[in-house]
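# Predicted model and sequence below, questions to follow.
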Amino acid sequence: MRRAGLSRRCRRLINELRIPAPFDLDEFLRCFAAQRGRSLKVTPLPVLSEPGFASGVWVATDSTDYVLYNDRTSPLHQRHIILHEVGHMIFAHNERRLSDNVVPDGGFPNLEPRSARHLMGRVHYSEPEEEEAEMVATLLLEAIGEVPGPSRFSGLLAEAEALLGFRQPTRARS
């Protein structure tokens, strides 16, 4: 039931967003930034493709939200990473803002691995916060038609996988 409650909470928050139709990520991010009343910059950060790094990170400074993401992956995965970080913003997971002077001259694209680790070390999320952000990204991708939502066969497939030992059963059997 926890997952259903999480899905309902996320859907309520997503319903408050202005989602352009047809969907355009840049336009969505402009609308989202306007709703938040803060500047939002989305920047690829090549170092995030290296082992040991998260695929994306949200950095909030005094005046600007930065979404840094791994651009050495598929376009769908890039959108998922960016929307995952938007999920953190929607839930206000990182209310601690860093000073604007934390941003290196020239921005983030040339950030060295050591500096990136230091910066990312300032942002910590709990497992429930990660689940919320992941659910937001998934539901947004479903809403815009990037990935299929659950079908009437989803439950049957999960039960078949459980019977075959590929996953744990999702509910107790009578």
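Nice, I can see it. Numbers count the residues shown, from 1 in each chain.
# Quick check: residue 67 is in a strand.
Yes: Residue 67 forms part of a strand when assessed by DSSP: H, G, I helix; E, B strand; the rest coil.
# Quick check: it touching residue 58?
Yes: Residue 67 is in contact with residue 58 according to C-beta atoms under 8 Å; the separation is 5.6 Å. For glycine as for every other residue, the C-beta is placed from the backbone atoms N, C-alpha and C.
# what touches both of the two?
Common neighbours of residue 67 and residue 58 are listed as residue 85 (criterion: C-beta atoms under 8 Å, 6 or more residues apart in numbering).
# Mind giving me the packing neighbours of whichever strand or helix holds residue 78?
If you go by DSSP states H and E, residue 78 is part of helix 75-90. With contacts defined as 3 or more C-beta pairs under 8 Å, 6 or more residues apart in numbering; DSSP states H and E, helix 75-90 has these neighbours: helix 2-15, helix 25-36, strand 56-60, strand 64-69, helix 127-143.
# Can you give me the buried ones in that helix?
Neighbour counts using 16 or more other C-beta atoms under 10 Å place 78-90 of helix 75-90 among the buried residues.
# Run through who's touching that helix.
For helix 75-90, the surrounding residues in contact (C-beta under 8 Å, 6+ apart) are 10, 13-14, 17, 25, 29, 32, 36, 42, 55-58, 65, 67, 69-71, 73, 94, 125, 129, 132-138, 140-141, 146-147.
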